[in-house]
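Student: Make a model of this:
(2 chains)
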Amino acid sequence: MTGERNGSPIFYPVGAPADPLRLDPALVERWLVAFLKDEIVRRRGMAKAVIGISGGVDSAVVAFLCAKALGPNSVIGVRMPYATSSKQSLGHGGLVIAQTGIKDLVVNISDAVDGYLRLEPDASQRRRGNVMARVRMVVLFDQAAKCAGLPIGTGNKSERMLGYFTWHADDSPPINPIGDLFKTQVWQLAKHLGVPRVIVEKPATADLIRGQTDEDDLGISYERADRILHLLLRGYTGADILDRGFERADVEIVSAKVNATHWKRHLPTNAVVSETAINEFYLRPVDY
Amino acid sequence: MKKKTRVAKPVSSDRLSAPRALGLLASPRANGSVLRKPGQTVSLALAQFAPRKGDVEANLRTVEGILASIAAEAAGFPDVVVFPETCLSGYFVEGGAREVALSARELDRRLQKIARAACAGKRTSFDVVIGFYEDDGGKLYNSAAYLTLGKAGSIRHVHRKLFLPTYGIFDEERFVSRGRSISAFDTPHGRACILICEDACHAVSLTVAALRGAQIIYIPSASPGRGLESSEPANVRLWRDITRVAAAEHGVFVAYAGLIGFEGGKGFTGASKIVGPFGDLRIEAPFDSAAIARATISLQDVSVARAALPALGDLESNLAEFSAMFEQEMIRRPERRGRHVNS
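Tutor: Sure, this is the predicted structure:
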């Protein structure tokens, strides 16, 4: 009614997207580049970023975004292979570095990892993987200190929600531009940014064990897991999600992993004994 | 064809008493101000910027710089400069609210000094609307002040946010108290009302502002961007819709000033805008960069819009019934709670 008076409608044709995980990748790129500039330059007065380049799509997307935000000469891509790491991963990391023009640094972590694991010869593959992930963070933070730059996180929302990461390793950089994007959304953004197709289309892998893939480890594809996660995070119950036609086994896998890993999405738990406990009574935001 | 004549419904005095008791109806003087200056124009400037978190001094310097840049423009100095919600500290300050809060009097003192420095020799008096954390003797509020700078006793109004979002990423009510009223007030540039961010998400707030005679509703805001599935964040579209619908329904101007910048990963969308009383978007700033958006409006449009679409008049005619419905809800709810407890 009111819109007729000046010849234009008041309401815009917004409409719900057909795919709830669909993004406008150009807007997401603009938003995340602004986030990186704001956090690194405006808030911290820094100019450089340091990224662990695994050869996978997550770190590739972050490298493309950082190169756009800061310029490629201000971004260092650190490849950190271990003796058993896939040569293909190292090569794919090289593709990212070549295409973005960011600075290339290769730090082989085998000596550091093995120096410790020689003392623990019976360590399981899981423990070995965690040691590798944590050594990579040691390298990343030290390289950041060396160049007065900021380590940038590369964990996506799917693995954060499923707890599929090493605590205080992959999640430790102070800022992360893709932490609120599901894996399938990272793929959308990667295609838009021009990440090489071979990286976008290959099976995701943590590459801590030979032949490992994320989806084998998780027992569910990201395509299915992300849709279930989206509904869970929106507040739908498991029963609601089953009503929408999802497989019971898939819903149970996702729900179980989410519910078992809330702790991984928090800082350590401190015993409260006073009325000034940090982050309990004494509350200041991270950027205060 | 017989011309249709609008006839006010006969109402008994007791039916009118309820809304008057609630203070919803504008005073005769307030309504008169709509017609008193029908041709008056008002030049507005909406200034959106990213504050330095917790650094009131730095942000006051930014305000001074903005005023100086406006003063240097060939367009001349506007009548009213509007700044966003909590722009002197940043929005998410948690327990730091007490450390960044100012009294209204101190805010006035600081801004008077800044205005003199920024506008030396350019303009002796102008108005500002500015969002800040307010300290009133230890009671903290998310407030916005309307000040006339360059004159003594310049505090025309301080609005304290009523609707404190405390859900999702918001936690306001943990740290500040809520305001208790929505008022309209006379200014040299029309009768005005201030609502802060979520205040304006509730249609009833804008309704009260219009009933109290506001010609311009100022909305300092801090809206974190989310929903990136389309060409602009979903909250930018939502605010455009909210302001356009409210302006058109009540025949008022809406001047919305949005904070920008990222705070702890949450990026605010500026998109400061002026919407005319036909629901027409007059000007809108980008959602993600610092900007000063300027427009000159004619208050006559308010009268024209209300004559073309007398929705506000219709509402006043039905106000007694609506007031009664609100009162019925107030009465009904404690009973329902009681039944729940006893069941």
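
Student: Verify the contact between A:V186 and A:A60 for me.
Tutor: No: A:V186 is beyond contact range of A:A60, at 9.2 Å (criterion: Cβ atoms under 8 Å). C-beta here means a position set from N, CA and C on the backbone, and glycine is covered the same way.

Student: Show me where chain B has its strands.
Tutor: Along chain B, the segments classed as strands by DSSP state E run B:41-48, B:80-82, B:126-136, B:139-149, B:155-160, B:184-187, B:190-194, B:216-221, B:253-258, B:261-263, B:266-268, B:273-275, B:281-284, B:291-298.

Student: ok, and for the first one, which residues are buried?
Tutor: Translated: strand B:41-48. Going by neighbour count (16 or more other Cβ atoms under 10 Å in any protein chain shown), the buried part of strand B:41-48 is B:42-48.

Student: next one: stretch A:195-214
Tutor: Counting neighbours by 16+ other Cβ under 10 Å, one finds that the buried residues in stretch A:195-214 are A:195-196, A:199-200, A:202, A:204-208, A:212, A:214.

Student: Output the strands of chain B as TSV; include the columns mean pLDDT and distance to chain A.
Tutor: Formatted as TSV, the strands of chain B follow (pLDDT from 0 to 100; distance: least, Cβ to the nearest Cβ, whole Å):
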stretch	mean pLDDT	distance to chain A
strand B:41-48	97	14
strand B:80-82	97	23
strand B:126-136	97	13
strand B:139-149	97	14
strand B:155-160	97	22
strand B:184-187	96	22
strand B:190-194	97	20
strand B:216-221	98	16
strand B:253-258	98	13
strand B:261-263	97	4
strand B:266-268	97	6
strand B:273-275	98	10
strand B:281-284	98	9
strand B:291-298	97	14
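
Student: Just send these back as JSON lines, with distance to B:N318 too.
Tutor: Shown next, in JSON lines, are those (distance: least, Cβ to Cβ, whole Å):
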{"stretch": "strand B:41-48", "distance to B:N318": "31"}
{"stretch": "strand B:80-82", "distance to B:N318": "32"}
{"stretch": "strand B:126-136", "distance to B:N318": "31"}
{"stretch": "strand B:139-149", "distance to B:N318": "30"}
{"stretch": "strand B:155-160", "distance to B:N318": "27"}
{"stretch": "strand B:184-187", "distance to B:N318": "20"}
{"stretch": "strand B:190-194", "distance to B:N318": "21"}
{"stretch": "strand B:216-221", "distance to B:N318": "21"}
{"stretch": "strand B:253-258", "distance to B:N318": "23"}
{"stretch": "strand B:261-263", "distance to B:N318": "43"}
{"stretch": "strand B:266-268", "distance to B:N318": "38"}
{"stretch": "strand B:273-275", "distance to B:N318": "25"}
{"stretch": "strand B:281-284", "distance to B:N318": "29"}
{"stretch": "strand B:291-298", "distance to B:N318": "29"}
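
Student: Show me what from the stretch 101-250 of chain A comes close to chain B.
Tutor: Residues of the stretch 101-250 of chain A lying close to chain B (Cβ under 8 Å from any Cβ of the partner chain) are A:175, A:180.

Student: Name the residue of the stretch 101-250 of chain A that lies nearest to chain B.
Tutor: For the stretch 101-250 of chain A, the residue closest to chain B is A:I175, as judged by Cβ to the nearest Cβ, at 7.6 Å.

Student: Next, work out how far apart the nearest residue in space to that residue that is not next to it in sequence and B:V245 are.
Tutor: Once flanking residues are discounted, A:I175 sits nearest to A:E39: 4.8 Å by Cβ to Cβ, 6 or more residues apart in numbering or on different chains. Distance of A:E39 to B:V245, given as Cβ to Cβ, to the nearest Å: 35 Å.

Student: who has more neighbours, those two?
Tutor: Each of A:E39 and B:V245 had its neighbours counted (other Cβ atoms under 10 Å in any protein chain shown), and the higher figure belongs to A:E39 (24 against 19).

Student: isn't there a strand covering that one?
Tutor: No: applying DSSP: H, G, I helix; E, B strand; the rest coil, one finds A:E39 to be helix, outside a strand.

Student: For it, give me its contacts.
Tutor: A:150, A:175, B:262, B:265 (Cβ atoms under 8 Å, 6 or more residues apart in numbering or on different chains).

Student: List the buried residues of whichever strand or helix holds the first one.
Tutor: What that stands for is A:L150. Assigned by DSSP states H and E, A:L150 belongs to strand A:149-151. By neighbour count with 16+ other Cβ under 10 Å, strand A:149-151 contains the buried residues A:149-151.

Student: centre of the chain versus it, how much separation?
Tutor: Counting by Cα atoms, centre = their mean, to the nearest Å, strand A:149-151 is centred 16 Å from the centre of its parent chain.

Student: counting contacts, what elements does the following helix or strand past that strand pack onto?
Tutor: Remark: after strand A:149-151, the chain's next helix or strand is helix A:157-162, criterion DSSP H and E. Helix A:157-162 makes packing contacts with helix A:183-193, helix A:222-234, helix A:248-260 when contacts are defined by 3 or more Cβ pairs under 8 Å, 6 or more residues apart in numbering or on different chains; DSSP states H and E.

Student: could the ones you listed be laid out in a markdown table, adding mean pLDDT and distance to A:A47?
Tutor: Putting those into a markdown table (pLDDT from 0 to 100; distance: least, Cβ to Cβ, whole Å) gives the following:
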| stretch | mean pLDDT | distance to A:A47 |
| --- | --- | --- |
| helix A:183-193 | 98 | 22 |
| helix A:222-234 | 96 | 34 |
| helix A:248-260 | 97 | 38 |
